[in-house]
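# coords please:
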Amino acid sequence: MSWTQRFASFCLAALFICGGAQAQPDAGNGNNANSAAAAAAAPAPTIAELRAQFTKLSNAAETDDDARKLLAQINDIGVQADKFVAARTGDLADLNAKLGELGNPPAAGSTEDPDITRQRASLTKERNALDADIRLARLLSVDVRQRGTELVTQRRALFEAQLTERAASPLTTEFWSDLREAWPDDLVRLKAMVSSVNDGLVAATQPGTRLPVIAALVGALLLTLFGNWGAEVLLAWLAARYLPAGRLRRSVLVIGIVASHVLLVAVAAHGFVEVLKEFATWEPQARKVLQSAAQLLVFMAFVIGLGRGLLATRRPSWRLPPIPDEMASRLAPLPWMVALVAVLAWTPAEVNALIDASFAAVVATHVLTALVLTALVASVLYLVKPLRADAAEAGLPERPMWVGLLVALIGMLMIAIWVLVALGYVALASFLASQLAWSGIVAAAFYVLFKFADDVFMATVSSRAGFGQRLQKSFNLAPQTLDQAATVLSALSRVALFFYMLVALAAPLGTGPGEVFQRSGKFGTGVKVGEFQLVPGAILSAVAVAVVGFVMLRIFKRWLARSYLPNTKFEPGMQSSITTLLGYVGGILVIAFSLSALGIGIERIAWVASALSVGIGFGLQAIVQNFISGLILLAEQPVKVGDWVVLGTAEGDVRRINVRATEIQLGDRSTLIVPNSEFITKTVRNMTLANAEGRVLIRLPMPLTTDAQRVRELILAACKAHEGVLETPAPSLTLEGIENGLLIFQAIAYVASPRLAGGVRSDLLFTILDELKKASLPLAVPTMVMTAPPPAPGGAG
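Here you go, the predicted structure:
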């Protein structure tokens, strides 16, 4: 597989990730637009025609190119069959619905309207024919997948056979003698190709067409050189002006530089090629040479743009990887070197394919590719090795252990490549060397994409971003929630990118863009784990449903709490309980919808619940009990938010009723967490359930000689004078009786809340004691009983 084909695969994979991948027509065909229009205007083939086309195709392929073409034809038939099924399934459903409206045929001996009978018969015939076509289309789709799998297996076998084929070693005389014998014929073919290209150039540079061709060449050079420079300056200005400050600017700038290099060079190269084709008649071989040269320039632009964007020698503050300035300056020639050496290794193989070179030339090309690319990798390692000391001096962190292991593995692989070349396994050596260099380019490109995916979500969703702060204010989200969401989204995007990186590097790598999309499509159909089918699209749908559902649920709860419920007659505690209960119900519905989008039906959820019932009954009994108790508290309202409750020796305000426990704020401002089952199974005193008023009780003992009527007047006056005492019910004073020779007076007053009773009682006691003292009405003094000590022993008689 050529470097340009791999580069096309990589670019198409990137487009596919971004959602913009489309099938590209053959670049060598000048009538692509007309062909596409004719294909769109032509009627879709029937299932019988597709089956006939499929039957005519061969079951085996002799070469890799034949297998690739055959696989493309088979996949096209499968796509058309799938389109037929998708288009006709709705029609079948409509016919079934119409038959359902007509009802079942009448029983034997019964009659019905002849028009209904004829209509039912016509619809049944049409439905049966359509159902048969759909079944045949699905069967054809299955046959296509099976044939495609067989062809992929054949291609892999051919590929492995070519890799394991042994040729003459370059260390033997046989290698050089074969090359010397085949050289005259190869030279004739090479001269013929050069002659065809030269004839085209001569025809294109005739006096009448020379000026437009030269103008096109100058324009292509100007667009390549000054266009890339201007694009870099413009991208840097746009990023600084419109993107938020942070890492996102750097990753976007790198991607923009790579895209501008590729786009401008592609326009310049292919545009100049089209100008040459316009002013001269080119042979098919010469056309392929021009097209290959243009693809070569685009590949070089990609590598150079990627290197320039990563090193950023002109803008050190925008550099994406943590590389000091001296290191970046020393590595500046590296992208040019990689591009030139890669082209040097690719060109002979491309020339061999164009001129149909001899087997000896192919073997020599494999040797050259293996040696040149391993020399390139060795040069890169040698160039980077002395920079470790510079990194330590610059204060950068030490190199991780996995980097050292990777470098050691690359060194061992290079030695293995040289050994394979010496033994004659030149195809395998060339393949390993090509994949080693290609893996480095792919790793550098996906490093940028990984950074970009992380920067996008950190710069938009996190609590430190402007958009994240607006989300926080709009939906009352916690900063930690936004940071966690940004981290999860970044991880999911990088996992998807990692999958496509593996697709680009997966064996066998001698495939084209079509097979990359085929593998992606197979992954998209899902992975079956036990009874469940995990489909990436369904997973994304489930995540989207969950996110949208919980956002809508939060908006609904805010509307209830702030707009609707305050306008009702419900108490604040009841409003909070209703909001919480509806939040639980809404959360359960959102989870159910998410599981449904994932493909897990209600019956499977019930099956899982029944399978876990034993574990719930034993291990989770207390949790389930508290959960059910919480629902009962929210529904029956024996205790609601804002109530003053007494539970055992603790009393305080109910602040929140959660799924498992209830929070009670005590008098010292501490919070008591009480399991919900305690409110259901034990005795709870709710001071504010039926009546929110508090009671103040004061008992005073006074001597028997006290003027009881005067005491009554003073105490009632003090109660009525206090602003915290309610007028209704009015304060009262009762004489409870006589205990131990004392009069017992009991005063009762009511306040607005039990929380005020303690403070009002204290104020009343201060006032009553002061008034009694002024009126010379003393309180009773506790009687102290004194006993005489026993007589001393031996005393006088």
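
# Okay, and the residue nearest the centre of the chain sits in which element?
Centroid-nearest residue in the chain: Leu492, 3.4 Å away (criterion: C-alpha atoms, centre = their mean). Per DSSP states H and E, Leu492 falls inside helix 479-505.

# Buried residues of that helix, list them for me.
Buried residues in helix 479-505, counted by 16 or more other C-beta atoms under 10 Å: 482-483, 485-486, 489-490, 493-494, 497, 500-501, 503-504. Backbone N, C-alpha and C define where each C-beta goes, glycine included.

# cool, stretch 762-771 as well?
Buried residues in stretch 762-771 (16+ other C-beta under 10 Å): 763-764, 767-768, 771.

# Among those residues, which one sits closest to Ala357?
Of all the buried residues of stretch 762-771, Asp763 has the smallest distance to Ala357: 109.8 Å, by C-beta to C-beta.

# Give me the neighbour count for the residue lying closest to the closest one once chain neighbours are set aside.
Spatially, and ignoring its direct neighbours in sequence, Asp763 is nearest to His722 (6.0 Å; C-beta to C-beta, 6 or more residues apart in numbering). Applying other C-beta atoms under 10 Å, we find 15 residues neighbouring His722.

# Equivalent analysis for Phe450, please.
17.

# Tell me how far it lies from Val442.
12 Å (C-beta to C-beta, to the nearest Å).

# Please list all residues in contact with Leu102.
116, 119-120, 123 (C-beta atoms under 8 Å, 6 or more residues apart in numbering).

# domain assignment for the protein?
Following automatic domain parsing, one gets these domains for the chain: 57-104+114-164, 173-455, 524-686, 694-774.

# rank these by pLDDT, which is bottom?
Among these, domain 524-686 has the lowest mean pLDDT, at a mean of 75.

# so Trp644 sits right up against Ser753, yeah?
Yes: using C-beta atoms under 8 Å, Trp644 makes contact with Ser753 at a distance of 7.5 Å.

# Pick out whichever of these two has more residues nearby.
Trp644 (20 against 13).

# Excluding chain neighbours, give the residue nearest to that one in space.
Met687 (4.0 Å).

# Tell me the pLDDT of the one you found.
Confidence score, pLDDT, at Met687: 75.

# Tell me, how many residues neighbour it?
20.

# Quick one: residues contacting it.
643-646, 651, 694, 754.

# For these, give me TSV that also has distance to Ser629 and secondary structure.
Formatted as TSV, the contacts of Met687 follow (distance: C-beta to C-beta, whole Å; DSSP: H, G, I helix; E, B strand; the rest coil):
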residue	distance to Ser629	secondary structure
Asp643	16	coil
Trp644	20	strand
Val645	15	strand
Val646	18	strand
Glu651	20	strand
Gly694	28	strand
Pro754	24	helix
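
# residue ranges of the helices in the stretch 151-300 of the chain, please?
Ranges of helices in the stretch 151-300 of the chain, per DSSP state H, counting those that start in this stretch, are 173-204, 210-242, 247-278, 284-311.

# Any idea which of the ones you listed gets closest to Leu420?
Comparing those by C-beta to C-beta, helix 173-204 comes nearest, at 14.1 Å.

# so what secondary structure elements neighbour the closest one?
Other helices and strands packing on helix 173-204, by 3 or more C-beta pairs under 8 Å, 6 or more residues apart in numbering; DSSP states H and E, are helix 247-278, helix 284-311, helix 334-355, helix 359-384.

# Reformat the ones you listed into a markdown table and put distance to Glu678 next to each item.
What follows is these, written out as a markdown table (distance: least, C-beta to C-beta, whole Å):
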| stretch | distance to Glu678 |
| --- | --- |
| helix 247-278 | 51 |
| helix 284-311 | 62 |
| helix 334-355 | 70 |
| helix 359-384 | 67 |
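
# Quick one: closest of the ones you listed to Gly219.
From the helices and strands packed on helix 173-204, taking C-beta to C-beta, the stretch that ends up closest is helix 247-278, at 7.5 Å.

# now the strands: where do they sit in this structure?
Residue ranges of the strands in the chain, as given by DSSP state E, are 527-529, 532-534, 644-647, 650-657, 661-666, 671-675, 685-686, 694-703, 732-739, 742-751.

# which parts of stretch 668-676 are buried?
Result for stretch 668-676 [16+ other C-beta under 10 Å]: buried residues 674-676.

# any common contacting residues for Trp644 and Ser753?
Thr688.

# Select, out of the domains of the chain, the one closest to Gly468.
Closest among those, using C-beta to C-beta: domain 173-455, at 10.7 Å.

# so how far is the closest one off the chain centroid?
32 Å (C-alpha atoms, centre = their mean, to the nearest Å).

# gap between the two ends of that domain?
Domain 173-455 has its terminal residues 57 Å apart, counting by C-alpha to C-alpha, to the nearest Å.

# Tell me which of the domains of the chain sits most buried.
Counting by mean count of other C-beta atoms under 10 Å, domain 173-455 has the highest mean neighbour count of those, with a mean of 17.

# OK, contacts around the residue nearest to the centre of the chain?
Leu492 neighbours (C-beta under 8 Å, 6+ apart): Val543.

# Okay, it and Phe499: tell me how far apart.
For Leu492, the distance to Phe499 - C-beta to C-beta - is 11 Å.

# Please apply the same query to Glu713.
90 Å.
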